[in-house]
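Asks: Kindly return the folded structure for what I paste below:
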Amino acid sequence: MYDQVTLGLNVDPFILSALKEDITSEDVSTNSVMPDSTPGVVDLICKEDGIICGLQVFERVFTLLDPSTRAEFYVKDGDHVENKQFVGKIYGDIRVLLCGERTALNYLQRMSGIATYTSQVAALLEGTGIKLLDTRKTTPNNRIFEKYSVRVGGGNNHRYNLSDGVLLKDNHIGAAGGVKQAISMAKAYAPFVRKIEIEVENLDMVKEAVEAGADIIMLDNMTTEQLKESIDYIAGRAEIEVSGNVTKENIARLTGLGVNYVSSGALTHSAPIMDLSMKNLHPVE
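Replies: Numbering: from 1, shown residues only. Purely as a prediction, here's the structure:
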């Protein structure tokens, strides 16, 4: 869960922006059938199996609309849930429950979908000692939610943004004039606490990266034979990350190679949502 500082400073602005996108002046449908404040309750129900994630964000949508809204959950983030399972109840002004329904479900479905997909991929690496990493291939303005979901699903976060670490990719190398030059310039510029990671595509680049003293070498889009050759050459002189179109369908080929990390953009850009719904809304005394 997000701590109160992170929630207030970094999470709330995105939720408010999403609500403003959905309600530019008023909720015409709700106001037409519910002109007055009326207390009510609605059920939150799973419609497929998966890993639930985002309950705090789901509830926050409603409490930002009305602080008196209250949620009662029967599960917690990271729990396995099943089709037709009752996840919780939300109590509050019926108008607030209707206004926030879609935005709250959008967050919960997306976050649960990422956690579910990540858990499936992480299970394939269990016992290998390889850390599963996400990437910056996230939905704009949703990174804080999507990277949290990866952690709930059993994955790990790579750098959060461009300020978070040094990762020299192909175009950085091109701009610097080569692998050695890019690493040398990064070492001279970056704070000493930053590790230097570089992305390479062939054995010649691997050799340059090792000689230049890279801390982490990312082997990108290599065949299995290229990976083995590169890993043998590195021989423990740098940490090794493998990347490039990694999905749950093809990750098995990487498990016996002796790498430290596997990164997958699919965790955030290709995970399907997990279907949930709010049902049985009715007034309460």
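
Asks: Every contact and neighbour count from this point should use C-alpha atoms.
Replies: OK.

Asks: Strands of the stretch 51-200 of the chain, start to end?
Replies: Assigned by DSSP state E, counting those that start in this stretch, the stretch 51-200 of the chain shows strands spanning 70-73, 80-81, 86-93, 131-133, 166-168, 196-200.

Asks: Would you reformat those as a markdown table and include mean pLDDT, distance to Tyr261 and mean neighbour count?
Replies: Output for the strands of the stretch 51-200 of the chain, formatted as a markdown table (pLDDT from 0 to 100; distance: least, C-alpha to C-alpha, whole Å; neighbours: other C-alpha atoms under 10 Å):
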| stretch | mean pLDDT | distance to Tyr261 | mean neighbour count |
| --- | --- | --- | --- |
| strand 70-73 | 98 | 35 | 17 |
| strand 80-81 | 98 | 26 | 16 |
| strand 86-93 | 98 | 34 | 20 |
| strand 131-133 | 98 | 5 | 23 |
| strand 166-168 | 98 | 14 | 19 |
| strand 196-200 | 98 | 12 | 24 |
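
Asks: Is it possible to get a markdown table of those that adds distance to Gln226?
Replies: Converted to a markdown table, these look like this (distance: least, C-alpha to C-alpha, whole Å):
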| stretch | distance to Gln226 |
| --- | --- |
| strand 70-73 | 49 |
| strand 80-81 | 38 |
| strand 86-93 | 47 |
| strand 131-133 | 21 |
| strand 166-168 | 20 |
| strand 196-200 | 11 |
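
Asks: Nearest to Glu249, out of those strands?
Replies: strand 131-133 (14.6 Å; C-alpha to C-alpha).

Asks: Remind me what that closest one packs against, helices and strands.
Replies: Judged by 3 or more C-alpha pairs under 8 Å, 6 or more residues apart in numbering; DSSP states H and E, the packing partners of strand 131-133 are strand 261-263.

Asks: quick one: contacts of the strand it packs on?
Replies: Strand 261-263 has contacts (C-alpha atoms under 8 Å, 6 or more residues apart in numbering) with 130-135, 158, 240-244, 246.

Asks: Of the residues you listed, select the buried ones using a PyMOL command.
Replies: Buried members of the contacts of strand 261-263, defined by 16 or more other C-alpha atoms under 10 Å, are picked up in PyMOL with:
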select buried, resi 130+131+132+133+134+135+158+240+241+242+243+246
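
Asks: Just give me the closest of the contacts of strand 261-263 to Val42.
Replies: Using C-alpha to C-alpha, Asp134 comes nearest to Val42 of those, at 34.6 Å.

Asks: Please identify the buried residues of the lengthiest helix in the chain?
Replies: In the chain, with assignment by DSSP state H, the single longest helix is helix 94-124. Counting neighbours by 16+ other C-alpha under 10 Å, one finds that the buried residues in helix 94-124 are 94-122.
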